[in-house]
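Chemist: Any chance you can model this:
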Amino acid sequence: MTKYKVTLTPDERAGLEQLVAVGKAAARKLTHARILLLADTAGEERTDQEIADALGTSLPTISRARQRFVTEGIAAAVSPRPQPPRPDKVKIKGDVEQELIRVACSDPPQGRCRWTLCLLADELVALGLVAAVSRETVRQSLKKTRSGPGSSRPGASRREPAPSSSGGWRT
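Modeler: The predicted structure is shown next:
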């Protein structure tokens, strides 16, 4: 494993010390600033294990902070990388959702008494509506449908309040 040597200029050191002294930044940013300050070769040189013990971090974190400082600079070493974009959470929508509901309301396949989530997922793939889909995705899509006995939206059966057996309070 290559060890990257951290050598801070006086301006960089002063900026990191100011950042740590103020303490009004993200915890990760402050930790990386402390790592760079302790790893600086201009002062007392410490091993990664000593830095890890002093700050309560892991050795790979120290190694990554050193590497990012040497290869990308101080701003990249202290600031977190942007997170990659998340995939779209809703995988079944629109026409595919309508087809799923149509299939779920139809008669089950031969030899089955009802549709299971796995059968519905396999049916969506067999129909060519999606390339691959998990049973959990099918469950979430079916769960969000609006009609159900507990819903207060139009089209759902409403529960009527039961009359009180005590006759109520009279004043």
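
Chemist: C-alpha from now on. contacts and neighbour counts both.
Modeler: Will do.

Chemist: Quick check: P108 vs T116, distance?
Modeler: 9 Å (CA to CA, to the nearest Å).

Chemist: Equivalent analysis for T137, please.
Modeler: In this view, T137 and T116 are 13 Å apart by CA to CA.

Chemist: again with A77
Modeler: Applying CA to CA, the value for A77 to T116 is 50 Å.

Chemist: Would you mind telling me which of the two has more residues around it?
Modeler: A77 (22 against 15; other CA atoms under 10 Å).

Chemist: Tell me which helix or strand comes right after the one helix or strand the more buried one maps to.
Modeler: Element membership for A77, per DSSP states H and E: helix 74-78. Counting by DSSP H and E, the next helix or strand C-terminal to helix 74-78 is helix 95-105.

Chemist: So which other helices or strands are in contact with that next one?
Modeler: Under the contact criterion of 3 or more CA pairs under 8 Å, 6 or more residues apart in numbering; DSSP states H and E, helix 95-105 touches helix 117-126.

Chemist: now the helix it packs on, how far from the chain's geometric center?
Modeler: Centroid displacement of helix 117-126 relative to its chain, using CA atoms, centre = their mean, to the nearest Å, is 27 Å.

Chemist: Export it to PDB, keeping only CA atoms.
Modeler: Provided in PDB are the C-alpha atoms of helix 117-126 (Å, rounded to 0.1, in the frame of the first residue of the first chain):
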ATOM      1  CA  LEU A 117     -46.300 -11.600  -5.700                       C
ATOM      2  CA  CYS A 118     -43.700 -13.800  -7.300                       C
ATOM      3  CA  LEU A 119     -46.300 -14.900  -9.900                       C
ATOM      4  CA  LEU A 120     -47.200 -11.300 -10.600                       C
ATOM      5  CA  ALA A 121     -43.500 -10.300 -11.000                       C
ATOM      6  CA  ASP A 122     -42.900 -13.200 -13.400                       C
ATOM      7  CA  GLU A 123     -46.000 -12.300 -15.400                       C
ATOM      8  CA  LEU A 124     -44.800  -8.700 -15.800                       C
ATOM      9  CA  VAL A 125     -41.500 -10.000 -17.200                       C
ATOM     10  CA  ALA A 126     -43.300 -12.600 -19.400                       C
END
